[in-house]
Structure formats: C-alpha cells, structure tokens
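Undergrad: pasting the structure only:
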C-alpha cells in the first residue's frame with residue numbers, strides 16, 4: 001500500500017525537492033477494480049505508465065523530467081515499464097524482485113518442470129471453480145508463522161504482520177491474492193527487454209544480506225549501460241522497506257538529480 005514503503009520513499013524524496021506520486025496498485029487498497037486482490041504483470045506495469053500519464057498532465061511537473069522508483073516486486077514492474085514507456089527518463093529499484101521469475105522458476109530457479117506443471121494444473125482447474133461460484137478464491141492469510149520458517153519469511157512477518165508495516169487495507173490484512181493470480185506470472189518474463197532501457201540510466205539497490213539479492217545482480221548484468229548496482233552493507237530484504245538508517249535516500253536523490261536534467 002502507498003501507506004507502506006512507497007509512501008515512505010515518496011515522503012523522503014519530496015523532502016529532497018521532488019514532486020512524487022505514490023499509488024496503490026490496481027485492484028488493491030484505495031484503487032479501483034473488481035475483483036479485489038488481483039495481481040498481473042501487465043496491469044501492474046501499466047500502473048506505472050498511468051502514473052506517468054497523470055504526472056505529465058500536472059502543470060507543475062515537467063513531463064520531460066519524470067523518473068520512476070520501484071520497490072520489491074514493483075521494482076521489476078518499474079523496469080518493465082521503463083523498457084516500453086520511453087517517456088520515463090530514469091529508473092531506480094530498491095530490494096527488487098522479478099516476480100515472474102520467482103513465480104515460474106521458484107527461489108534461485110529451483111522449481112522443476114514437474115512442480116511447475118502441477119502448479120499450473122491446480123490454478124487452471126481453479127479457474128473453473130471460480131467461474132462456477134462467480135468469484136475468485138483467495139489464499140490463506142499471508143506472512144503468518146507456524147514455526148520453523150526460513151529467516152526471510154520471519155523478516156516478512158516482522159514487517160507485514162506487526163505494527164511496523166501492517167495496514168488494514170493491505171492484501172496481508174484481509175487474506176491473500178487470488179489463487180489464480182500467479183498464472184500470467186508463470187508465462188510472461190517481464191525483464192526480457194531490460195536492455196532497451198538504455199540509453200536511459202538504471203540504478204539497482206539491494207541489501208547485502210537479502211535472500212533476493214540475486215534478482216538485482218542478474219537484472220543489472222542483463223541491463224545495458226548506463227547502469228549502477230549499489231549493495232547496502234548488512235541490510236536484508238525488508239530493511240530497505242522502511243529502515244531510514246539503511247535506505248540510501250541521498251543516493252536516490254543524486255541519481256535523479258543527475259539524470260532528470
């Protein structure tokens with residue numbers, strides 16, 4: 001939600017002199033769309049271009065000096081949007097996830113073809129169940145702990161399920177994403193055209209201790225110049241959601257100041 005990480009980043013950048021728009025993704029929070037809690041690599045990429053539409057029509061904004069910043073899964077969508085939307089002049093990501101890669105291949109690309117096939121068979125059949133009842137089925141409440149989870153899931157719980165990052169309009173508060181939401185993520189690699197961001201600059205920021213660090217490192221390798229990879233010492237994945245002492249806001253401000261001339 002915009003009241004979580006994106007709003008925090010927006011406020012910090014506004015304090016540094018930028019006009020900033022934070023938004024709820026389509027079908028979530030205060031954004032419109034039915035049914036609720038639907039995710040889509042196409043729609044969530046479009047969310048960024050719609051934000052550029054809005055900013056470019058604001059008379060106080062120079063439409064030739066618009067950059068975007070994506071956090072976590074929306075870092076991947078930000079890169080995808082920048083590749084296709086040439087109005088975007090610079091892109092930065094923080095603790096970026098390539099959601100299509102992890103959905104289709106699992107963490108560290110460990111999912112087998114048999115496992116992928118089983119997932120797709122289950123979700124395909126779920127479409128009939130949803131159609132019969134006229135509404136999507138949702139997964140269990142996200143980020144709850146039962147014991148024995150890996151540390152990164154404990155970190156997610158510490159952010160999403162505690163006062164630190166919980167918000168009553170967030171997906172985490174009222175269940176989960178629709179069970180069939182992963183289907184398009186399984187079949188649409190969003191970073192295919194990442195090299196076409198060039199000659200516009202890209203900045204990748206990630207925590208040294210983040211389980212997700214490999215997403216930024218491989219995206220950085222696939223991107224064309226100009227590009228920069230900044231590894232924040234000691235930080236884990238969720239540290240870059242809200243830890244003001246670890247998020248390199250001055251670096252972000254300098255990056256956009258240099259590249260949105």
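TA: Perfect, thanks for sending it. Computed from a prediction, not measured in an experiment: that's the story for all the values here.
Undergrad: Show the residue spans covered by the strands in the stretch 151-261 of the chain.
TA: 202-207, 227-232 (DSSP state E, counting those that start in this stretch).
Undergrad: oh sorry, the question was meant for the stretch 1-150 of the chain
TA: Chain-ordered strands for the stretch 1-150 of the chain, with DSSP E, counting those that start in this stretch as the definition, fall at 67-71, 90-94.
Undergrad: Which elements pack onto the last one?
TA: The elements that strand 90-94 packs onto, with contact taken as 3 or more C-beta pairs under 8 Å, 6 or more residues apart in numbering; DSSP states H and E, are strand 67-71, helix 73-84, strand 202-207, helix 249-259. Every residue, glycine included, has its C-beta placed from N, CA and C.
Undergrad: Just say which of the strands of the stretch 151-261 of the chain is most tucked in.
TA: Mean neighbour count (mean count of other C-beta atoms under 10 Å) peaks for strand 202-207 among those, with a mean of 25.
Undergrad: how distant is it from the center of its chain?
TA: From the chain centre to the centre of strand 202-207 is a distance of 13 Å (C-alpha atoms, centre = their mean, to the nearest Å).
Undergrad: so of the strands of the stretch 1-150 of the chain, which one's packed in deepest?
TA: Neighbour counts averaged per stretch over these are highest for strand 90-94, at a mean of 26; criterion: mean count of other C-beta under 10 Å.
Undergrad: Residues in contact with it: which ones?
TA: The list of residues contacting strand 90-94 from outside it, by C-beta atoms under 8 Å, 6 or more residues apart in numbering, reads 9, 67-72, 75-76, 78-79, 81-82, 197, 200-206, 216, 219, 240, 247, 252, 255-256, 259-260.
Undergrad: Name the residues of stretch 236-252 that are buried.
TA: Buried residues in stretch 236-252, counting neighbours by 16 or more other C-beta atoms under 10 Å, are found at 236, 237, 238, 239, 240, 241, 247, 248, 252.
Undergrad: Just the terminal-to-terminal distance for it.
TA: Start to finish, the residues bounding stretch 236-252 are 18 Å apart (C-alpha to C-alpha, to the nearest Å).
Undergrad: Do you know the pLDDT at the nearest residue to residue 111 once chain neighbours are set aside?
TA: In space, not counting the residues next to it along the chain, residue 111 is nearest to residue 105; the distance is 5.2 Å by C-beta to C-beta, 6 or more residues apart in numbering. In this prediction, residue 105 carries a pLDDT score of 97.
Undergrad: how much space is there between residue 133 and residue 179?
TA: In this view, residue 133 and residue 179 are 12 Å apart by C-beta to C-beta, to the nearest Å.
Undergrad: List the contacts of residue 231.
TA: By C-beta under 8 Å, 6+ apart, residue 231 lies in contact with 206, 207, 208, 213.
Undergrad: Near residue 112, how many other residues are there?
TA: Residue 112 has 10 neighbours, counted by other C-beta atoms under 10 Å.
Undergrad: For it, give its distance to residue 131.
TA: Distance, residue 112 to residue 131, using C-beta to C-beta: 29 Å.
Undergrad: again, but for residue 77
TA: With distances taken as C-beta to C-beta, residue 77 is found 27 Å from residue 131.
Undergrad: Residue 214 too?
TA: Here residue 214 is placed at a distance of 37 Å from residue 131 (C-beta to C-beta).
Undergrad: Residue 257 too?
TA: 51 Å.
Undergrad: same deal with residue 238?
TA: In this structure, residue 238 lies at 36 Å from residue 131, with C-beta to C-beta as the measure.
Undergrad: Equivalent analysis for residue 231, please.
TA: Going from residue 231 to residue 131 by C-beta to C-beta gives 46 Å.
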